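Novice: The sequence and its predicted three-dimensional model are supplied below.
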Amino acid sequence: MVCHTMFKPATVPEGWVEAVTAEARPWGTIYLPRYNHVASGVVQSAPPPGTASFAARLAALGHTGVGKANVFFSHAWKVKYLDVVKCMRSFGDKNRALPAGDPAKIEGPILFWFDCVVVDEVRCYCCCCPRCYPRC
């Protein structure tokens, strides 16, 4: 829920609110977003101009923790977010404990490619539908 309650709302431009509707398809349920512009009352299905991933938003603000990733990290949606963060922290602790020169040791800052913040979930909402993945 952290992805959808904290990260995702921060990826649309100010003044826009997302509403989601579930739609049954032959391959399963997909969730279709609708975007409401609060001030004008405009409702549209396409993401409003200016949407970006959470990582892109942080980078635009000059956040120093955003850069080229050196560790891929994804998570299972059923895992509690706190456990995900603990796992990432554990990885960092174990990396710091490795001796210098160990080929597994990452020198410098660890930058995770973390799906929750890197994937622009506004632009790709479901996991396999013709709108998001035309190859399916």
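Specialist: That came through fine. Residues are numbered from 1 along each chain as shown.
Novice: beta partners for His37?
Specialist: On the basis of DSSP bridges, His37 takes part in beta bridges with Trp16.
Novice: That one contacts Trp16, doesn't it?
Specialist: Yes: counting by Cβ atoms under 8 Å, a contact exists between His37 and Trp16, whose distance comes to 5.6 Å. The way it works is simple: take the backbone N, C-alpha and C, and place the C-beta from them, glycine included.
Novice: ok, Leu58 - contacts?
Specialist: Gly65, Val66, Val117 (Cβ atoms under 8 Å, 6 or more residues apart in numbering).
Novice: now the residues you listed in a markdown table, with neighbour count?
Specialist: Compiled in a markdown table, those are given as follows (neighbours: other Cβ atoms under 10 Å):
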| residue | neighbour count |
| --- | --- |
| Gly65 | 11 |
| Val66 | 18 |
| Val117 | 20 |
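Novice: if we take the residues you listed, which one ends up nearest to Ala22?
Specialist: When those are compared for distance to Ala22, the smallest value, 24.7 Å, is given by Val117; criterion: Cβ to Cβ.
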